[in-house]
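Asks: prediction below, plus the sequence it came from.
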Amino acid sequence: MTVVIGTRGSALALAQTRLVASRLGDDVEVRVLHTAGDRSERPIRTLGDGAFVATIEEALLRREVDVAVHSLKDLPTAEREGLAIAAVPEREDPRDVLVTASRGGVASLRDGAVVGTSSPRRAAFLRAMRRDAITREIRGNVDTRLRKVREGEYDAAVLALAGLRRLGVAVDEGEILDAHAMPPAPGQGALAVQCRADDRALRARLAHLDDPDTHAAVRAERALLAALGASCTLRLGALACAEDGAVRLAAAFAVGEDIIRFDGTGPTPESVAADATRALSASFLDGLTVVLTRGEEDDRELAEDLNALRARVLIAPCIRTEQLADRSALRRAISEAGVDDLVVVTSRVGATAIGSCGAELRAPVAAVGWSTADGLRAIGVSPWFVAHSPSATALGRDLPLPRGTVLLARSDRATGDLPRILQERGARVREEVAYRTVAAMTGDIASVRDAIATGMRPVVVFASPSAVEGFVEEIGALSIGQARLVAIGSKTARRITELTGIAATAARSPDVLGLVSAVVAAGRAKEETMHVDAR
């Protein structure tokens with residue numbers, strides 16, 4: 001009887017499946033199945049656990065295939081009812097690789113390099129290695145990612161060494177990232193051979209493929225992942241090995257910009273995983289309420305990180321944007337900008353405003369950050385320049401100046417910092433209102449009031465001075481004294497102090513990792529509220 005193996009259709013999935021099939025004999029057929037993860041272009045972290053395996057598992061349960069071969073790190077830690085992992089073959093090298101166009105590894109990474117990765121874990125640990133590096137979402141199979149690096153869309157990409165080796169891609173030792181600095185994902189480099197739990201004959205046949213030491217090691221890694229929440233948004237690295245009848249586990253957990261580590265040995269995979277869980281879970285934010293004052297889309301990744309840390313997240317946007325009733329001035333300014341000029345867009349809302357004003361865009365366009373750049377791409381505009389740090393200061397400092405005029409398409413409440421910096425550098429600057437910003441709180445206001453009134457001392461995160469104004473208008477300056485405040489940067493921190501007399505915790509960097517670290521610091525700060533002279 002022919003054994004049918006189900007697999008994804010990527011070159012890597014097929015290579016992995018053929019490794020297993022070659023050890024099972026001649027009576028094997030490989031059948032390609034297309035999963036939800038393969039069909040989607042959404043960021044991987046938003047797809048949910050099991051996006052690359054659910055279709056194949058369902059085919060197993062329907063008896064359309066007999067065996068499935070998965071990358072173990074793609075397999076949810078909760079085993080599917082009716083299915084079993086019959087074997088975990090010997091593991092390939094679990095480390096990660098940093099691939100640049102020159103293939104020179106970390107040493108060839110330029111300052112402020114843009115590195116492609118869809119893994120929150122890789123993004124956090126790369127940041128710890130190179131604080132100047134900027135990570136961006138990247139999708140596609142291995143060949144596609146390598147091509148995007150070769151063609152300059154990204155300066156580098158982080159890939160699994162196991163996958164590159166299974167595809168026959170040559171890797172220099174200098175490109176391989178140290179497992180302490182970049183700890184691999186739980187189960188990385190290992191394969192899971194899965195079948196129906198009630199098929200005893202097939203399970204016995206597959207058991208010959210199992211490597212007991214590898215199986216014990218990945219049991220420890222996956223037990224830790226399950227205990228910490230089994231979320232793909234956890235920035236967790238773990239690598240175990242079986243030695244002398246025991247299991248050693250090294251794990252690292254990135255909490256914002258900070259790395260918490262565990263290294264220990266236990267008699268069983270489960271015991272050492274329990275020890276690691278106790279050590280790492282001390283970093284969780286259990287019981288802490290965090291109020292995010294941007295819209296759900298803008299704060300999605302931050303909310304995911306905080307939820308993974310077991311915080312209670314409330315979404316209460318404190319500003320809203322409005323399109324201009326009369327867009328003729330914006331349309332005229334865009335139409336008059338020529339190839340020697342430069343249009344600068346400082347938000348996704350600004351990109352939308354430009355796309356809807358009806359003007360022909362002939363000038364090159366610069367964006368304040370990657371989110372704004374994605375907003376431009378959504379209207380069919382490829383940005384000529386993207387500031388590595390999403391701040392007006394970074395944009396003003398790093399923007400290549402054109403021969404002509406810099407046109408700033410901005411909010412009516414935008415600060416004067418960006419035009420001032422550009423003018424100090426010698427630029428001719430023209431400002432045009434592209435949309436209006438209204439300071440007004442919406443969302444889960446009742447829960448925010450309740451958290452403050454009941455003495456929960458929530459942490460409130462502000463991403464702009466306007467958001468501070470909207471919050472104060474709705475909640476009141478005196479009530480804010482019962483919260484702990486986080487600012488995305490110095491201007492927002494100053495506005496908090498001006499309106500409330502409270503010194504906020506300022507994020508070291510205006511991205512998710514910096515904000516999470518600031519939330520953690522604020523959440524663990526002393527109970528006393530510090531007041532300062534705002535004059």
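Replies: The structure has been received and is ready for your questions. Numbering: from 1, shown residues only.
Asks: distance check, the residue positioned nearest the centre of the chain against Val158.
Replies: The residue lying closest to the centre of the chain (C-alpha atoms, centre = their mean) is Pro120, at 4.1 Å. Relative to Val158, Pro120 is positioned 12 Å away (C-beta to C-beta, to the nearest Å). All C-beta atoms are positioned from the backbone trio N, CA, C, and that covers glycine.
Asks: how about Glu304, secondary structure?
Replies: helix (DSSP: H, G, I helix; E, B strand; the rest coil).
Asks: sorry, slip of the keys, the one I care about is Ser382.
Replies: coil.
Asks: return the residues in contact with it.
Replies: Leu376 (C-beta atoms under 8 Å, 6 or more residues apart in numbering).
Asks: can you give me the pLDDT of it?
Replies: At Ser382, the model reports a pLDDT of 92.
Asks: gap between it and Ala504?
Replies: For Ser382 relative to Ala504 (C-beta to C-beta), the value is 37 Å.
Asks: got it, and Arg196?
Replies: 56 Å.
Asks: of the two, who's got more company?
Replies: Ranked by neighbour count (other C-beta atoms under 10 Å), Arg196 and Ala504 place Ala504 first, with 25 against 19.
Asks: doesn't Ala487 make contact with that one?
Replies: Yes - between Ala504 and Ala487 there is a contact under C-beta atoms under 8 Å: 4.3 Å.
Asks: for these two, list the residues in contact with both.
Replies: 462, 493, 496.
Asks: per-residue pLDDT, the nearest residue to Arg449 once chain neighbours are set aside?
Replies: Nearest in space to Arg449, with sequence neighbours left out and distances taken as C-beta to C-beta, 6 or more residues apart in numbering, is Ile475 at 6.9 Å. pLDDT for Ile475: 93.
Asks: how many other residues sit next to Ile475?
Replies: 21.
Asks: report all helices and strands that the helix or strand encompassing Val149 contacts.
Replies: Following DSSP states H and E, one finds Val149 within helix 142-150. Here helix 142-150 touches helix 11-24, strand 96-100, strand 114-116, strand 156-160, going by 3 or more C-beta pairs under 8 Å, 6 or more residues apart in numbering; DSSP states H and E.
Asks: the ones you listed: which one's closest to Pro364?
Replies: Nearest of those to Pro364, taken as C-beta to C-beta: strand 114-116 at 18.4 Å.
Asks: quick check: next helix or strand after the lowest-mean-pLDDT helix or strand in the chain?
Replies: Within the chain, no helix or strand scores below helix 36-39, which has a mean of 52 by mean pLDDT, DSSP states H and E. Beyond helix 36-39 in the direction of the C-terminus, DSSP H and E gives the next helix or strand as helix 54-61.
Asks: quick one: average confidence on the helix or strand just after that following helix?
Replies: Where DSSP H and E defines the elements, the next helix or strand beyond helix 54-61 is strand 67-71. For strand 67-71, mean pLDDT is 94.
Asks: and stretch 493-501, by the same measure?
Replies: Averaged over stretch 493-501, pLDDT sits at 93.
Asks: so Val272 touches Phe262, yeah?
Replies: No - when contacts are counted by C-beta under 8 Å, Val272 is not listed as touching Phe262 (9.2 Å).
Asks: of those two, which one has the most company?
Replies: Between Val272 and Phe262, Val272 has the larger neighbour count (other C-beta under 10 Å), namely 25 against 19.
Asks: Arg130 is in contact with Ser108, correct?
Replies: No - if you go by C-beta under 8 Å, Ser108 and Arg130 don't touch, sitting 11.9 Å apart.
Asks: separation between His70 and Leu164?
Replies: In terms of C-beta to C-beta, His70 sits 18 Å off from Leu164.
Asks: could you do Val429 as well?
Replies: Plainly put, Val429 is 47 Å away from Leu164 if you go by C-beta to C-beta.
Asks: neighbour-wise, which of those two wins?
Replies: Neighbour count, other C-beta under 10 Å: between Val429 and Leu164, Leu164 has more, with 22 against 16.
Asks: what pLDDT does the model give the more buried one?
Replies: Value listed for Leu164 in the pLDDT field: 96.
Asks: so what's it closest to, chain neighbours aside?
Replies: Closest to Leu164 by C-beta to C-beta, 6+ apart is Val171, at 5.4 Å.
Asks: try Gly287
Replies: Arg312 (7.7 Å).
Asks: ok, now Asp299?
Replies: That would be Leu292: by C-beta to C-beta, 6+ apart, it lies 4.4 Å from Asp299.
Asks: same check on Ala185?
Replies: Per C-beta to C-beta, 6+ apart, closest to Ala185 is Lys73, 4.6 Å.
Asks: also Pro510?
Replies: Here the residue nearest Pro510, using C-beta to C-beta, 6+ apart, is Ile488, at 4.9 Å.
Asks: do you know the pLDDT at that neighbour?
Replies: 93.
Asks: verify the contact between it and Ser466 for me.
Replies: No - contact criterion C-beta under 8 Å: Ile488 and Ser466 do not qualify, at 11.9 Å.
Asks: so where is this structure shaky, pLDDT-wise?
Replies: 35-51, 526-535 (pLDDT under 70).
Asks: tell me the helix or strand right after the longest helix along it.
Replies: Determined from DSSP state H, the single longest helix within the chain is helix 212-227. Where DSSP H and E defines the elements, the next helix or strand beyond helix 212-227 is strand 236-243.
Asks: which elements pack onto whichever helix or strand comes after that next one?
Replies: Once strand 236-243 ends, the next helix or strand along the chain (criterion: DSSP H and E) is strand 246-255. Where contact means 3+ C-beta pairs under 8 Å, 6+ apart, strand 246-255 is packed against helix 120-129, helix 212-227, strand 236-243, strand 258-266, helix 269-280, helix 512-523.
Asks: so for the residue nearest to the centre of the chain, what's the nearest residue that isn't a sequence neighbour?
Replies: In space, Pro120 is closest to Arg235, 4.9 Å off (C-beta to C-beta, 6+ apart).
Asks: thinking again about what came up before, ok, the residue nearest to Ala185 touching Gly187?
Replies: Yes - at 4.2 Å, Lys73 and Gly187 qualify as touching, with contact defined as C-beta under 8 Å.
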